[in-house]
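# what would the 3D arrangement of this be:
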Amino acid sequence: MVSTGNRAKTFECNTEDLIQVSSGGSNILIDKSTKYQTIYGFGAAITGSTCYNLLKMNPEDRKNFLKETFSVTEGLGQSYIRVPIGCSDFSLSEYTCCDKEGIENFAFTEEETAYIIPILKEILAINPDIQIIGSSWTAPRWMKVNNLTDLKPHYQWTSGHLNPKYYDDYATYFVKWIQAMKSYDITVDAITIQNEPLNRGNSASMFMGWEEQLAFIKTALGKKLAQSGLKTKIYLFDHNFNYDNMADQKDYPLNIYQDAEVAQQVAGAAYHNYGGNYNELDKIHAQRPDKELIFTETSIGEWNDGRNLGRHLVEDMEQIGTGLLNNWCQAVIVWNLMLDENGAPNREHGCKTCFGAVDINSKDYETLTKNSHYYVIGHLSSVIKPNAVRIKHTISNLSGVDCSAFENKDGSYAVVVLNKNQSAKEIVISDGVKRFKYTIPENAVASFRWK
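I've put the predicted structure just below:
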């Protein structure tokens, strides 16, 4: 399958272009004897805003789009999605699931019951094996304080800290959210405790330095999850590769892993790429190879000419595809699956210049424009299946070309290749037994799967 930056080819499948060659050299050699990390999946965030736009579509159009996106047999097979726990900066209002003081008042709101859950049910009907990670943007305001010294109430959606006296209640909040989802037959596989814990802005937000996240897990969340019998994974951090240049927050997850008890209670760490470089993952893995690494958010928008596929297709495949995967990442999730042409609905103080992986025209709620993130995730998810294992690859005599290689559980091989060059390149891929050649167009990405 191939896509080009000039849109001449978009998810074009043509097995006839694969020419098997019996002899000669190869410039991409894969070797399954050297194995790396297991892959969980690829996908996008199913926010309130995404669900609002999807539900504006004609039901048949929506069904076809969701089938194209999530079906393993008839579509791209996206396999991992992110859902906000309460509001995010792409919700229809600012809220949590317990705005009235007292954890006994926990309840889903209309945003969950009328928007998010109906869409999740439609997705699960298409792909029952989809994995879901939940992320919180803020604790209920009655649980927040201005800082950990004064402990004065901070009844705001933005910034503030979690009051340590509410650690138990907030841990219960997570358990109740997971259980409430389960009551709708929706399994939550993992959570992050705080979206962008070093971001005091946004809509909504809450600051949670590594010391606070460690204390919260150690005193409350780890035990509450264990006592509930839930198997939900905890991922730490959920923010940028460069730790927002805060010296005291550098190596955020490594600092938490120093506590042996908490290290056993968490699966690993999640990252975003609004600062720093994906090489940070290799550094973290080198120090804690027993811990998982996933990628949970990236966006395109006005600031980076995000709708320019010619600029972004190959660049984004390198940044959030091969670059992450070749540095031990086990899942890749982009931000909103769908926004309208104005990047809406969005929140005041949130991102008003973000684009979705897909744009929908709000004049008809029918016309779709697919952006780079949709193509990147689709190329990955269509050939690299859940529980695939990354394997060694060697590129020889090919400048401006990068790739990542995998072995799927069914024994098939998957390779995703990008060509940065402004000219086509002939690649010859060999698995040691089979060898085939293909001419990848200029400024293009191609994904291959074979047995």
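# next, the distance between the ends of stretch 19-30.
17 Å (CA to CA, to the nearest Å).
# which residues are in contact with that stretch?
Outside stretch 19-30, the residues within contact range by CB atoms under 8 Å, 6 or more residues apart in numbering are 391-398, 403, 405, 413, 415, 417, 427-432, 434-438. Using the backbone N, CA and C atoms, a C-beta is placed for each residue, glycine as well.
# give me the subset of these that lies in strands.
The members of the contacts of stretch 19-30 that map onto strands under DSSP state E are 391-395, 403, 405, 413, 415, 417, 427-430, 435-438.
# do a quick rundown of the strands in the stretch 101-250 of the chain.
Secondary structure of the stretch 101-250 of the chain by DSSP state E, counting those that start in this stretch: the strands cover 131-136, 144-145, 161-162, 190-192, 233-240.
# now mean neighbour count, distance to residue 18 and mean pLDDT too, for the ones you listed, in CSV please.
Converted to CSV, those look like this (neighbours: other CB atoms under 10 Å; distance: least, CB to CB, whole Å; pLDDT from 0 to 100):
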stretch, mean neighbour count, distance to residue 18, mean pLDDT
strand 131-136, 23, 31, 99
strand 144-145, 21, 57, 99
strand 161-162, 24, 54, 99
strand 190-192, 25, 37, 99
strand 233-240, 24, 38, 99
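# before we move on, the earlier item: which among the ones in strands among the contacts of stretch 19-30 end up buried?
The neighbour-count test (16 or more other CB atoms under 10 Å) marks 391, 393, 403, 405, 413, 415, 417, 427-430, 435-438 as buried among these.
# show me which of those residues is closest to residue 72.
Using CB to CB, residue 413 is the member of those that sits closest to residue 72, with 17.7 Å.
# and the strand ranked longest in the chain, average pLDDT?
Assignment by DSSP E gives strand 28-38 as the longest strand of the chain. Averaged across strand 28-38, the pLDDT comes to 98.
# which neighbours does that strand have in its sheet, and in what orientation?
Taking DSSP bridges as the criterion, strand 28-38 forms sheet pairs with strand 389-395 (antiparallel), strand 425-430 (parallel).
# now distance to residue 94 too, for the strands of the stretch 101-250 of the chain, in TSV please.
Shown next, in TSV, are these (distance: least, CB to CB, whole Å):
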stretch	distance to residue 94
strand 131-136	13
strand 144-145	13
strand 161-162	17
strand 190-192	19
strand 233-240	19
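# which of these sits closest to residue 182?
Taking CB to CB, strand 131-136 is the member of the strands of the stretch 101-250 of the chain nearest to residue 182, at 11.0 Å.
# just checking, what packs against the closest one?
For strand 131-136, the packing partners by 3 or more CB pairs under 8 Å, 6 or more residues apart in numbering; DSSP states H and E come out as strand 80-85, helix 167-183, strand 190-192, strand 292-297.
# returning to that earlier point: a markdown table for the strands paired with strand 28-38, including mean pLDDT and distance to residue 450?
Below are those laid out as a markdown table (pLDDT from 0 to 100; distance: least, CB to CB, whole Å):
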| stretch | mean pLDDT | distance to residue 450 |
| --- | --- | --- |
| strand 389-395 | 99 | 14 |
| strand 425-430 | 96 | 9 |
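# the ones you listed: which one's closest to residue 244?
That would be strand 389-395 among these, by CB to CB, at 28.9 Å.
# from the chain's centroid, how far away is the closest one?
Put simply, strand 389-395 sits 22 Å off its chain's centre (CA atoms, centre = their mean, to the nearest Å).
# can you list contacts of that strand?
With contacts defined as CB under 8 Å, 6+ apart, strand 389-395 is touched by 27-39, 325-326, 401-407, 413, 415.
# let's see 6 Å
Strand 389-395 is contacted by residues 28-32, 34-38, 403, 405-407 when judged by CB atoms under 6 Å, 6 or more residues apart in numbering.
# can you say which of those residues are buried?
Counted by 16+ other CB under 10 Å, these give 28-30, 36-37, 403, 405-407 as buried.
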